[in-house]
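K.L.:
How does the following fold in three dimensions:
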Amino acid sequence: MSFDVAHCMLCPRRCGANREKGVGLCHCGTEIRIARAALHPWEEPCISGKHGSGTVFFSGCNLRCVFCQNHEISRSKLGKTVSVERLADIFLELQDKGVHNINLVTPTHYTDAIVAALERAKLRIPVAWNSSGYDSVESLKKLEGLVRIYMPDFKYMDSQLAKRYSAAPDYPETAKAAIREMFRQTGPFVLDDEDMLQSGVLIRHLILPGAEDNSRAVIDFVAENFPGDDILFSLMAQYTPMPNTERFPELQKTVSAETNDALVEYMTRRG
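P.N.:
Numbering: from 1, shown residues only. Now for the predicted structure:
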């Protein structure tokens, strides 16, 4: 491969794994593995628009949340192995289909390979980095000038929840630093005449059952650090209990309409 993962430090786990001989905590070696590459019509309206988002789902994940709704992709070897050259061609093929952007889902553990593919492809449309928010600033800096849209999750402001559900007690501070770096690169968001996002940061937050205080804390951080119309914020209530959450009884229910409405109201009051 054209990138070095002999002592991998790409993500905040900094596991130091020799991915040439085995796998890191992301369960990935040197091969790029993708689970799906296709037009995606179900992202936020400013991402999918009328023609869809050209989405590439990468296999594996460096965060591995217990409630992951894509666990078949994030925790298994599901997917097809591709070269850097083939990945660049996939980007171009999606662009040729008229999509609004190239949307890279769970890309963090393949940062160097993706940089090489993007440099090769020289795309005309925006590239979106669709991550868990658990990105290192050092790796994000490699994307400057190549990625115009950042779509990070902001899962936790509560480090205990981050430890319990994602084995990442450092998630809050790591995600805050990552989002600040993303915003440094893009500046305030820009929409075109059709309200399609051309550049900027779109933060996503999934409401977890019984964790309303965590959601309010996330909203507070965004409101206090990005006042005005600098960033976009997507509050999501579609949490679905997954089979592997039996040992977390609080996760065995959905988010009520009342909880969602209360958090939407809180978000609106915070601007």
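
K.L.:
Quick one: list the elements packing against the helix or strand harbouring residue 113.
P.N.:
In this structure, residue 113 sits in helix 111-121 according to DSSP states H and E. If you count contacts as 3 or more Cβ pairs under 8 Å, 6 or more residues apart in numbering; DSSP states H and E, helix 111-121 packs onto helix 84-96. In this view, the C-beta of every residue, glycine as well, is placed from N, C-alpha and C.

K.L.:
Ramachandran angles for residue 80?
P.N.:
Phi and psi for residue 80, reported as degrees, to the nearest 10, are phi -110, psi 140.

K.L.:
Excluding sequence neighbours, find me the nearest residue to it.
P.N.:
residue 34 (6.0 Å; Cβ to Cβ, 6 or more residues apart in numbering).

K.L.:
for this protein, longest helix please?
P.N.:
Using DSSP state H to define each element, the chain has its longest helix at helix 171-186.

K.L.:
contacting residues around the helix or strand just after that helix?
P.N.:
Using DSSP H and E, the next helix or strand after helix 171-186 towards the C-terminus is strand 190-191. With Cβ atoms under 8 Å, 6 or more residues apart in numbering as the test, strand 190-191 has contacts from 46, 197, 198, 199, 200.

K.L.:
so for strand 190-191, what's the average pLDDT?
P.N.:
For strand 190-191, the mean pLDDT works out to 97.

K.L.:
what pairs with it, and is each one parallel or antiparallel?
P.N.:
Sheet pairing for strand 190-191, assigned by DSSP bridges, gives strand 197-206 (antiparallel).

K.L.:
then the partner strand to CSV, C-alphas only?
P.N.:
The C-alpha trace of strand 197-206 is given here as CSV (Å, rounded to 0.1, in the frame of the first residue of the first chain):
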residue,chain,number,x,y,z
LEU,A,197,-24.1,22.3,1.6
GLN,A,198,-20.9,23.3,-0.2
SER,A,199,-18.6,23.7,2.8
GLY,A,200,-18.8,23.8,6.6
VAL,A,201,-19.5,21.7,9.6
LEU,A,202,-22.8,19.7,10.3
ILE,A,203,-22.8,18.2,13.8
ARG,A,204,-25.0,15.3,14.4
HIS,A,205,-26.2,14.1,17.8
LEU,A,206,-28.2,10.9,18.5
